[in-house]
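Novice: how would this look folded up:
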Amino acid sequence: MIPRLAVWTNHIMAKQGKKYLAAVAKIEPREYSLEDAVPLVQKIKFTKFDETVEVHMRLGVDPKHADQMVRGTIVLPNGLGKSKKVLVIASGDKIKEAEAAGADFFGGEEMVNKIQSENWMDYDAVVATPDMMRSVGRLGKILGPRGLMPNPKTGTVTTDITKAVQEVKAGKVEFRVDKTGVIHAPVGKVSFATPSLLENAATLIGAVVRAKPAAAKGKYVKSVTLCSTMGPGVKIDTTRYNAKQV
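Specialist: Modelled structure (predicted):
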């Protein structure tokens with residue numbers, strides 16, 4: 001006899017599967033311009049919650065080589081639709097600055113100890129002052145795999161705590177190519193006005209294109225896909241992104 005929970009789960013999965021397939025059927029087998037893809041992703045959304053819209057870019061780089069690593073940050077002009085929780089690890093007056101800037105959590109060595117002893121992860125971004133990096137370095141195995149380790153290249157190791165906190169709160173997004181040569185990044189919510197979501201997506205893609213390493217050879221942007229959290233992907237025409245001028 002099949003348990004009731006299993007029957008109910010299968011029913012829900014089948015129902016969601018039908019909705020997903022219905023959404024797929026609305027996508028033509030071609031590459032769309034970004035201007036056409038954004039409203040399409042919004043139109044075919046079928047869940048009840050406000051899904052995040054994501055950009056996935058496959059790049060013609062080999063991340064195993066340091067000179068082909070692609071990473072950077074960008075502040076999206078229209079935010080992400082969600083205020084991130086920011087932890088600041090600092091000392092002295094910089095702790096007061098973090099509080100005044102609107103950081104959700106702030107402190108010094110005690111924050112490092114809390115993360116180590118409790119595996120505490122109730123935050124979305126970590127900012128640290130340079131003088132605290134010797135202590136923060138102990139958190140590499142905890143924060144690193146989650147993409148939360150402070151780094152000077154992304155502006156999260158800095159003495160300008162106010163600017164760092166405000167940028168994260170405003171919708172700062174960090175992008176980094178993974179070991180398969182793909183960048184995954186959020187660009188907003190399905191509920192955004194179409195022009196706002198389009199501007200965010202274009203800003204993110206433009207930043208990745210401008211971050212092309214000098215060592216990258218051949219076609220740089222191999223593919224771009226736009227999708228919502230639960231929805232199918234819509235393929236984007238990459239012609240403009242591989243042109244000499246973007």
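
Novice: Go ahead and flag the most central residue of this structure.
Specialist: In the chain, the residue lying closest to the centroid (Cα atoms, centre = their mean) is A185, at 3.4 Å.

Novice: Kindly confirm my reading that that residue is in a strand.
Specialist: Yes. Using DSSP: H, G, I helix; E, B strand; the rest coil, the secondary structure at A185 is a strand.

Novice: Dig out what A128 forms beta bridges with.
Specialist: A128 has the following beta-bridge partners by DSSP bridges: I89, V157.

Novice: So, low pLDDT: which residues of the chain?
Specialist: Across the chain, the stretches falling below the confidence threshold (pLDDT under 70) are 1-16, 244-246.

Novice: what domains does the record give for it?
Specialist: Segmentation of the chain into domains, based on automatic domain parsing, reads 28-79+173-242, 86-169.

Novice: Of all those, which one is nearest K18?
Specialist: Nearest to K18, of all those, is domain 28-79+173-242, at 9.5 Å by Cβ to Cβ. All C-beta spots, glycine's among them, are computed from the backbone N, C-alpha and C.

Novice: okay, the domains of the chain in a markdown table with distance to L21 next?
Specialist: Compiled in a markdown table, the domains of the chain are given as follows (distance: least, Cβ to Cβ, whole Å):
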| stretch | distance to L21 |
| --- | --- |
| domain 28-79+173-242 | 9 |
| domain 86-169 | 33 |
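
Novice: hey, where'd the strands end up in the protein?
Specialist: When assigned using DSSP state E, the strands of the chain occupy the ranges 52-59, 71-75, 86-89, 105-107, 125-128, 172-176, 182-189, 221-228, 234-236.

Novice: Quick check: which of the ones you listed has the most neighbours on average?
Specialist: For the strands of the chain, the largest average neighbour count (mean count of other Cβ atoms under 10 Å) is found in strand 86-89, namely a mean of 27.

Novice: closest one to A22 among the domains of the chain?
Specialist: Closest among the domains of the chain, once you apply Cβ to Cβ, is domain 28-79+173-242, at 7.2 Å.

Novice: the helices in the chain, which residues?
Specialist: For the chain, applying DSSP state H gives helices covering 4-25, 34-43, 93-101, 109-118, 133-136, 140-143, 161-170, 194-210.

Novice: H56 against V224, yeah?
Specialist: Yes. Look at H56 against V224 with Cβ atoms under 8 Å: they come within range, at 7.2 Å.

Novice: on that earlier part again, could you save the helices of the chain as CSV and add columns showing distance to G81 and mean neighbour count?
Specialist: Conversion of the helices of the chain to CSV gives the following (distance: least, Cβ to Cβ, whole Å; neighbours: other Cβ atoms under 10 Å):
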stretch, distance to G81, mean neighbour count
helix 4-25, 21, 11
helix 34-43, 13, 18
helix 93-101, 21, 17
helix 109-118, 27, 14
helix 133-136, 29, 16
helix 140-143, 24, 13
helix 161-170, 12, 20
helix 194-210, 9, 19
